[in-house]
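S.K.: Build me a structure from this.
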Amino acid sequence: MRDWDLFGAIHEYEFLYQVFGRDHFGEVMCNLDVFLRRFNEIQYWVVSEICLTNTLSKRAQLLRKFIKLGAYCREQQNLNAFFAIVIGLSNVAISRLTQTWERLSSRFRKMYTEFEILIDPSKNHRSYRLYVAKLQPPILPFTPLLMKDMTFTHEGNRSSLDSLINFEKMHMLAQTLRTIRYCRSRPLGLEVPQVPKNETEIRDYVRNLQVVDNQRRLLALSQRLEPKRP
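M.R.: Coordinates of the predicted model:
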């Protein structure tokens with residue numbers, strides 16, 4: 001719900017300002033900035049939580065929980081958070097924790113393998129593009145890929161040809177904006193499950209994830225948890 005609120009607050013033009021260079025427009029793009037930071041925040045939250053868990057059994061339990069959370073995000077079509085979680089789990093500070101991964105059952109290993117296939121960047125993210133094309137809104141798309149598409153279109157095509165506007169380029173950019181509009185064309189309508197904890201506490205926690213965003217420190221924590229085998 002938090003991610004959806006942040007995504008819904010972004011004006012479509014903010015994507016254009018980002019791609020063409022915000023200095024050309026003199027516009028503030030705080031909503032897009034906050035949402036893009038959220039992606040990195042979730043990614044490092046996953047890594048931080050696991051690397052700060054000293055007990056092997058609890059670490060394995062947490063790893064299973066994050067895989068289940070990834071499955072839930074995929075089910076709810078929050079593909080932006082899904083990518084952030086899986087990329088977090090594939091961080092070298094986590095992937096090297098052999099003893100922790102060995103505690104996973106075959107069921108969770110299979111789920112994670114499916115995740116890796118879906119986020120595979122080969123062939124211009126073909127697996128993801130085929131998957132998302134079958135979905136109905138509301139969809140929270142993998143936003144960095146949308147930004148990449150628009151950037152490639154902008155940098156690979158001139159804005160004007162013989163002093164005339166290159167409408168073909170503008171149509172391609174507009175198509176990405178239409179995709180964003182389509183993803184947000186229906187309200188979320190998510191049913192909030194009954195939770196044993198105070199809902200306000202959960203909302204505060206989700207809004208203020210505590211993360212270690214220093215890769216060197218995360219790797220040091222990981223190596224302390226499971227030293228490299230001789």
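S.K.: which residue sits closest to residue 83, ignoring its sequence neighbours?
M.R.: Distances taken as CB to CB, 6 or more residues apart in numbering put residue 142 closest to residue 83, at 4.9 Å, once the chain neighbours are dropped. C-beta coordinates here come from the backbone N, C-alpha and C atoms, glycine included.
S.K.: For burial, what's the neighbour tally of the one you found?
M.R.: Residue 142 has 22 neighbouring residues, counting by other CB atoms under 10 Å.
S.K.: correct me, but it touches residue 79?
M.R.: Yes: with contact defined as CB atoms under 8 Å, residue 142 counts as touching residue 79 (5.0 Å).
S.K.: which neighbours do these two share?
M.R.: 128, 132 (CB atoms under 8 Å, 6 or more residues apart in numbering).
S.K.: Figure out the helix or strand that the nearest residue to residue 157 once chain neighbours are set aside lives in.
M.R.: Distances taken as CB to CB, 6+ apart place residue 169 nearest to residue 157, at 4.1 Å, with adjacent residues excluded. When elements are assigned from DSSP states H and E, residue 169 belongs to helix 167-183.
S.K.: average pLDDT across that helix?
M.R.: Helix 167-183 comes out with an average pLDDT of 94.
S.K.: That helix: what's the following helix or strand?
M.R.: Next element after helix 167-183 (DSSP H and E): helix 199-207.
S.K.: Flag every buried residue along the helix or strand just after that following helix.
M.R.: Next along the chain after helix 199-207, taking DSSP H and E as the criterion, comes helix 215-225. For helix 215-225, the neighbour count (16 or more other CB atoms under 10 Å) marks 218-219, 221-222, 225 as buried.
S.K.: Export the residues you listed as TSV, with columns for distance to residue 191 and pLDDT.
M.R.: Formatted as TSV, the buried residues of helix 215-225 follow (distance: CB to CB, whole Å; pLDDT from 0 to 100):
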residue	distance to residue 191	pLDDT
218	35	97
219	40	97
221	37	97
222	37	97
225	37	97
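S.K.: picking that back up, can you name the residues in contact with the helix holding residue 169?
M.R.: 12, 15-16, 19, 137-141, 146, 149-150, 153-154, 157-159.
S.K.: How about stretch 31-47?
M.R.: Contacts of stretch 31-47 (CB under 8 Å, 6+ apart): 3, 6-7, 9-11, 14-15, 17-18, 66, 80-81, 83-85, 87-89, 91, 93-94, 143-144, 147, 209-213, 218.
S.K.: Which pLDDT value goes with residue 29?
M.R.: 67.
S.K.: ugh, wrong one, I meant residue 122
M.R.: So residue 122 comes in at 96 (pLDDT).
S.K.: Can you get me a residue count around it?
M.R.: 7.
S.K.: where along the protein do the helices fall?
M.R.: 2-8, 12-20, 30-51, 56-75, 79-89, 92-95, 98-102, 106-119, 122-133, 143-156, 167-183, 199-207, 215-225 (DSSP state H).
S.K.: just so I know, which of those lies nearest residue 189?
M.R.: Closest to residue 189 of the helices of the chain, according to CB to CB: helix 2-8, at 10.2 Å.
S.K.: where does this protein dip in pLDDT?
M.R.: 27-29, 192-193, 195-197, 230 (pLDDT under 70).
S.K.: Check this protein for me, the residue farthest from its geometric middle.
M.R.: residue 162 (40.2 Å; CA atoms, centre = their mean).
S.K.: ok, now how distant is that one from residue 203?
M.R.: 55 Å (CB to CB, to the nearest Å).
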